[in-house]
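Colleague: I'd like to go over a predicted model; first the sequence, then the structure.
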Amino acid sequence: MNDTPSHDSIQHDASEALAEHIRRADADGTPLRIVGGDTKAFYGRNIQGNAIAALSTREHRGITAYDPVELIVSVRAGTPLRELEDVLAANGQMLACEPPHFGPDATVGGMIATGLSGPRRPWAGSVRDFVLGTRVIMRQGSEQRFGGQVMKNVAGYDLSRLMVGAQGTLGLITEVSMKVLPRPGATRSLRLAMSPKDALDKLAEWGRQPLPITAAAWIAGALHLRLEGGPSSVAATARRLGGDELRDDAWADLREQRLDFFNTEDPRPIWRLSLPHHTPLLEIPGATAEADILYDWAGTQRWVRSAADDDAIRAVAGRVGGHATCWRGANGAPVETPFTPLDPVIEKYHRNLKTQLDPQGIFNPGRLYAAF
Amino acid sequence: MNIQYDARLDGEPPHLRTQDEVLADLRQALPDMTLLHREEDLHPFECDGLAAYRALPMLVALPETLAQVETLLKRCHALGVPVVTRGAGTGLSGGAMPLAHGVLLVMSRFSRILDIDPDARTARVQPGVRNLAISGAVAPYGLYYAPDPSSQIACSIGGNVAENAGGVHCLKYGLTVHNVIKVEVLTIEGEYMTLGADALDTPGFDLLALINGSEGMLGVVTEITVKLLPKPESAKVLMASFDDIEKAGDAVGAIIAAGIIPGGLEMMDNLAIRAAENFIGAGYPVEAAAILLCELDGVEADVDDDCRSVRRVLEEAGATDIQQARDEAERALFWAGRKNAFPAVGRMSPDYYCMDGTIPRRELARVLKGIGELGDEYGLRVANVFHAGDGNTHPLILFDANQPGEFERAEALGGRILELCVEAGGTITGEHGVGREKIHQMCVQFSPAELATFRAAKAAFDPLGLLNPGKNIPAPARCSEFRLTKSAGDAPAPSPAPTRQVPKSQG
């Protein structure tokens, strides 16, 4: 297989139409709401402005280059994430950052724009870590290429990785090149009953050893572990750690938030706390029961159900060097300030970047913060 | 075309200040800071690892405290004086080349390891700490810092961040950008910013990704928190010989296709093999057209399984000989040949010039053939050292700067090699940075619109263009002139002689 798109993916290049749309929006100052599969619309603020026009990436789809031996895939933003993952799996490869879908329509563009990663993140890296290059339609309506289709590239500023997680506020991502990895030779998942404190202590101890752990979450009374690697090391580690066998698809349930913890009956908001490694147990306002906190990413990503005041929750995360995102508001409603407010100097440079790259404010205005 | 700073092509500074004026101002604001101004004191700072190009800075500042850096930046901002930040000065692309009208800010006195947290597996260090010193300091905890540029014994971590430095283990362990989690930055206006976090992500834009590899043009990095990894339980290295370079290239692909990601996967061509063997006596087969060094690391049992698989793959790929290092000493020896390839090649020739293109691996044979043909065209030998796992090539052009015209031919040949990499779908720099060295090739790799976007990103942080002006992103006038020169004929363009002879540089 060379870089001819010989896959079963549906190919369609809509970049010209998208560029034209953006040229017009920039001329008129029309705010654009960029939409892929619309599976992650809840993550972030509502787009602000009058006469907002939706701009769909769905027609711009297909894998444009994939040579498994190069470990690199280039794919258009509107391509369904599932389709990309199927093609990779057919070649024994994967997106190691394990991005969540949150629905069958999730697209590649949404994965990049939100930058959200799954349970393997602390060990393998985030979406941003696997991005090698992007094509982006900037406000002038020209498709520009940053980064490249090679593993190492330091020519120019790293605008590709800057686009990851920027939620489409700097330009329209039309294509991305990512590093892919072989699927592990062996996988075992284990469940070890223990307290969250013991789980965090154990994980710190194991973290200093070269163990083949690629997921670790404390959920409802037990530490859940995934081992991946060569068959020999996975088997030996499983013997050493003990515990009960766990279904391997438990990780997809965690990633897709299908676990009971995330149930929509509970009216309380869902918070995501992002914390340093080796952060101890924290007293989080409003989360008094043990089951109110789910520890993923070896404790560096904690999901919390709490109706407490935003500032009180953010203060707890901030004190230990982390931050807190209001993932879903009360009863699932959108919130005004989902993301932790930025330090004034940092915010100044966010505004400067936005003004430089999108002076008319047409790309997803207000999606991250009201100020830009 | 010359790459020396030229205000006509690279942009006029906001104010042209005299040395006396700036010296008086900084002395008053910073009476305790070391400030060099006499010509003989400035000479040691006139170049970095790209020693063919030199310029005396107006002044050299050697601050020791953050407050001094802050005040220095605020004064330079107020005066409109450019600031070029420098670490250990080992960079190969002229990223720290001084400006005659600018202050050289040397961060080498910030050389303390501030904190090691073995449980969180992080180390907080000052920018002047040497790359290898980090791994040394954390070794007692069974940890190490993964990126290992060849210059790691001398290069400092601040420069690694500025260049997004790589090394021989990038395919598996990533570049600097993947291994730095937080940096403290001072802006040109003297504001303090923390980019990244001890947590795994931050709200807002990923400015940490943006500052990595930005060549000191967006801010001054004053502190770095790096991610540490547990030392692999086992590391084994295989050396395979090939009678044909294309077969060696295919073998690399076959290893990856077998689902194995080696810790290191390096290739050398015959000229590089002979140079290294002469220099180190690593036991390399001097008759081979190419060798592959494949290091497998991880949990012992898996490493043994992988060694068997890789051996099988190499045999099938037509390797004429395969050796596995018997012990740690032999493993170190196999690597010593590769790690010293640059100085080894330097012994074969009065001077050499190291290139740094990256290409898709499948283009390897074609690009190597193209490099050979270009070498013939320019009448110069080229040795090839290649991070085969990630497609990063280091062609080393051999020349003699004492022969009239050879340096210019080497430089022109280097430019053509980089353009060949771009044509093959690759890039002009994998890990050494653009600096001044590849400023013209940026006009080849990027369109005017893309370059304008880079300039817009720069303007967000440094609207006056005071931080390291002229590096990394060419000004429009420079690209226009370069395109004119090129269209006037692709023959090696006559270039004014460099100010000094090219000494052998490290790798």
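Modeller: Cool, got the structure.
Colleague: can you pull the buried residues of stretch B:308-318?
Modeller: Of the residues in stretch B:308-318, those buried under the neighbour-count criterion (16 or more other C-beta atoms under 10 Å in any protein chain shown) are B:Ser309, B:Val310, B:Arg311, B:Val313, B:Leu314, B:Ala317. Where C-beta positions appear, they are placed from N, C-alpha and C, glycine not excepted.
Colleague: give me the contacts around it.
Modeller: Outside stretch B:308-318, the residues within contact range by C-beta atoms under 8 Å, 6 or more residues apart in numbering or on different chains are B:238, B:240, B:242-244, B:247-248, B:250-251, B:254-255, B:258, B:260, B:262, B:292, B:294, B:296, B:322, B:324.
Colleague: the closest residue to B:Lys339 other than its chain neighbours in helix, strand or coil?
Modeller: Here the nearest residue to B:Lys339 in space, its sequence neighbours aside, is B:Ser150; by C-beta to C-beta, 6 or more residues apart in numbering or on different chains that works out to 5.9 Å. Taken by DSSP: H, G, I helix; E, B strand; the rest coil, the conformation at B:Ser150 corresponds to coil.
Colleague: surely B:Ser150 and B:Gly166 touch.
Modeller: No. Contact between B:Ser150 and B:Gly166 fails when scored by C-beta atoms under 8 Å: they sit 9.6 Å apart.
Colleague: these two: which is more packed in?
Modeller: Neighbour count, other C-beta atoms under 10 Å in any protein chain shown: between B:Ser150 and B:Gly166, B:Gly166 has more, with 29 against 25.
Colleague: which one is the more buried one nearest to, not counting chain neighbours?
Modeller: The spatial neighbour of B:Gly166 that comes closest, neighbours along the chain excluded (C-beta to C-beta, 6+ apart), is B:Glu431 at 3.4 Å.
Colleague: anything in the host helix or strand of B:Gly372 near chain A?
Modeller: Assigned by DSSP states H and E, B:Gly372 falls within helix B:364-378. No. Under the criterion of C-beta under 8 Å from any C-beta of the partner chain, chain A is not reached by helix B:364-378; the shortest gap measures 11.0 Å.
Colleague: could you give the average pLDDT over that helix?
Modeller: Mean pLDDT, computed over helix B:364-378, is 93.
Colleague: and the two most separated of the buried residues of stretch B:308-318?
Modeller: Taking C-beta to C-beta as the measure, those span a maximum distance of 12.5 Å, between B:Ser309 and B:Ala317.
Colleague: where does chain A have low pLDDT?
Modeller: Within chain A, the stretches falling below the threshold (pLDDT under 70) are A:1-8.
Colleague: okay, B:Val382 and chain A: tell me how far apart.
Modeller: As for B:Val382, its distance to chain A is 20 Å (criterion: C-beta to the nearest C-beta, to the nearest Å).
Colleague: rewinding a little: mind putting the buried residues of stretch B:308-318 in a markdown table, secondary structure and pLDDT included?
Modeller: Compiled in a markdown table, the buried residues of stretch B:308-318 are given as follows (DSSP: H, G, I helix; E, B strand; the rest coil; pLDDT from 0 to 100):
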| residue | secondary structure | pLDDT |
| --- | --- | --- |
| B:Ser309 | helix | 97 |
| B:Val310 | helix | 98 |
| B:Arg311 | helix | 98 |
| B:Val313 | helix | 97 |
| B:Leu314 | helix | 98 |
| B:Ala317 | coil | 96 |
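Colleague: list the contacts of the residue nearest the centre of chain B.
Modeller: Nearest to the mean C-alpha position of chain B, by C-alpha atoms, centre = their mean, lies B:His432 at 2.2 Å. Shown in contact with B:His432 (C-beta under 8 Å, 6+ apart): A:Val154, B:Gly91, B:Leu92, B:Ser93, B:Glu163, B:Cys354, B:Asp356.
Colleague: which residues sit in contact with the fifth one?
Modeller: When you say that, I think you mean B:Glu163. A:Val154, B:Gly91, B:Ser93, B:Gly95, B:Thr176, B:Gly213, B:Glu215, B:Glu431, B:His432, B:Gly433.
Colleague: show the model's pLDDT score for it.
Modeller: Value listed for B:Glu163 in the pLDDT field: 97.
Colleague: got the phi and psi for it?
Modeller: Dihedral angles of B:Glu163 (phi, psi; degrees, to the nearest 10) stand at phi -100, psi 0.
Colleague: so what's the residue positioned nearest the centre of chain A closest to, chain neighbours aside?
Modeller: Nearest to the centroid of the C-alpha atoms of chain A, with distances taken as C-alpha atoms, centre = their mean, sits A:Leu116, at 0.7 Å. The shortest distance from A:Leu116 to any non-neighbouring residue, by C-beta to C-beta, 6+ apart, is to A:Pro100 (5.5 Å).
Colleague: A:Gly110 now?
Modeller: Distance criterion C-beta to C-beta, 6+ apart; nearest residue to A:Gly110, sequence neighbours excluded, is A:Gly36 at 4.2 Å.
Colleague: cool, and A:Ser274?
Modeller: Here the nearest residue to A:Ser274 in space, its sequence neighbours aside, is B:Ala199; by C-beta to C-beta, 6+ apart that works out to 4.4 Å.
Colleague: distance from the centroid: which residue in chain B tops it?
Modeller: Seen from the C-alpha centroid of chain B, the residue lying at the greatest distance (C-alpha atoms, centre = their mean) is B:Gln28, 36.7 Å away.
Colleague: what about it, distance to B:Cys307?
Modeller: 65 Å (C-beta to C-beta, to the nearest Å).
Colleague: same question for B:Ile359.
Modeller: From B:Ile359 to B:Cys307 the distance is 28 Å (C-beta to C-beta).
Colleague: count of residues packed around residue 47?
Modeller: Here I'm looking at chain A. Considering only other C-beta under 10 Å, A:Ile47 is surrounded by 20 other residues.
Colleague: the chain in question should be chain B.
Modeller: A count of neighbours around B:Cys47, defined by other C-beta under 10 Å, yields 23.
Colleague: isn't it right next to B:Tyr53, touching?
Modeller: Yes. The pair B:Cys47 / B:Tyr53 is scored as a contact, 6.2 Å apart, by C-beta under 8 Å.
Colleague: overlap in contacts, the two.
Modeller: When C-beta under 8 Å, 6+ apart defines a contact, the residues bordering B:Cys47 and B:Tyr53 alike are B:Gly94, B:Met97.
Colleague: what pLDDT does the residue farthest from the centre of chain B get?
Modeller: At B:Gln28, the model reports a pLDDT of 98.
Colleague: list the buried ones in the helix or strand encompassing it?
Modeller: Assigned by DSSP H and E, B:Gln28 belongs to helix B:19-29. Within helix B:19-29, the residues that count as buried by 16+ other C-beta under 10 Å are B:Val22, B:Leu23, B:Asp25, B:Leu26.
Colleague: with distance to chain A added, can I get the residues you listed in CSV?
Modeller: Formatted as CSV, the buried residues of helix B:19-29 follow (distance: C-beta to the nearest C-beta, whole Å):
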residue, distance to chain A
B:Val22, 26
B:Leu23, 30
B:Asp25, 25
B:Leu26, 24
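Colleague: need the max-distance pair from these.
Modeller: B:Leu23 and B:Asp25 (7.3 Å).
Colleague: which parts of the stretch 201-350 of chain B are strands?
Modeller: Counting by DSSP state E, counting those that start in this stretch, the segments of the stretch 201-350 of chain B that form strands are B:220-227, B:229-230, B:234-242, B:264-269, B:290-298, B:321-324.
Colleague: same question, the stretch 51-200 of chain A
Modeller: Per DSSP E, counting those that start in this stretch, the stretch 51-200 of chain A carries strands over the ranges A:53-56, A:63-67, A:72-76, A:93-94, A:131-137, A:143-147, A:172-179, A:181-182, A:186-193.
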